[in-house]
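**Q** Got a sequence here, can you build the structure:
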Amino acid sequence: MTIKADRSGATKPVQLRIRKDISDLIDRAAGVNGKTRSEFMIEASRRAAEDALLDQTFVQVDGESFRRYVEILDKAPEGEGFTRLMNVTKPWG
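**A** The predicted structure is shown next:
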């Protein structure tokens with residue numbers, strides 16, 4: 001899926017009906033972030049839309065590639081870096 005960005009600067013109105021308590025919550029959050037309600041809602045909606053679309057990524061591989069991938073994931077960690085990590089003093093213990 002390809003989405004072409006409209007960089008012309010053109011805007012269009014969007015109307016929403018929301019409960020007062022939600023509107024108040026959004027206004028408070030926008031205020032602490034130094035944004036208007038519209039700026040806050042646009043940013044949050046854009047981020048949610050991008051996340052929703054990114055979650056739809058589908059990768060298809062042949063059976064052999066998938067088998068190799070699972071084999072690598074199932075392999076026990078090893079090597080100098082892993083050994084060093086496991087031997088470092090933990091701050092909690």
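
**Q** Tell me where the protein has helices.
**A** Assigned by DSSP state H, the chain shows helices spanning 20-32, 37-54, 63-74, 80-87.

**Q** Out of those helices, which is closest to residue 14?
**A** helix 37-54 (8.8 Å; CB to CB). Where you see a C-beta, it was placed from the backbone N, CA and C, and this is true even at glycine.

**Q** Give me the mean pLDDT for the closest one.
**A** Per-region confidence: helix 37-54 scores 95 on mean pLDDT.

**Q** And it, what's buried?
**A** Residues of helix 37-54 classed as buried by neighbour count (16 or more other CB atoms under 10 Å): 40, 41.

**Q** so what does that helix touch, helix or strand wise?
**A** Judged by 3 or more CB pairs under 8 Å, 6 or more residues apart in numbering; DSSP states H and E, the packing partners of helix 37-54 are helix 20-32.

**Q** before we move on, the earlier item: turn the helices of the chain into CSV, including distance to residue 93.
**A** Output for the helices of the chain, formatted as CSV (distance: least, CB to CB, whole Å):
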stretch, distance to residue 93
helix 20-32, 37
helix 37-54, 36
helix 63-74, 28
helix 80-87, 13
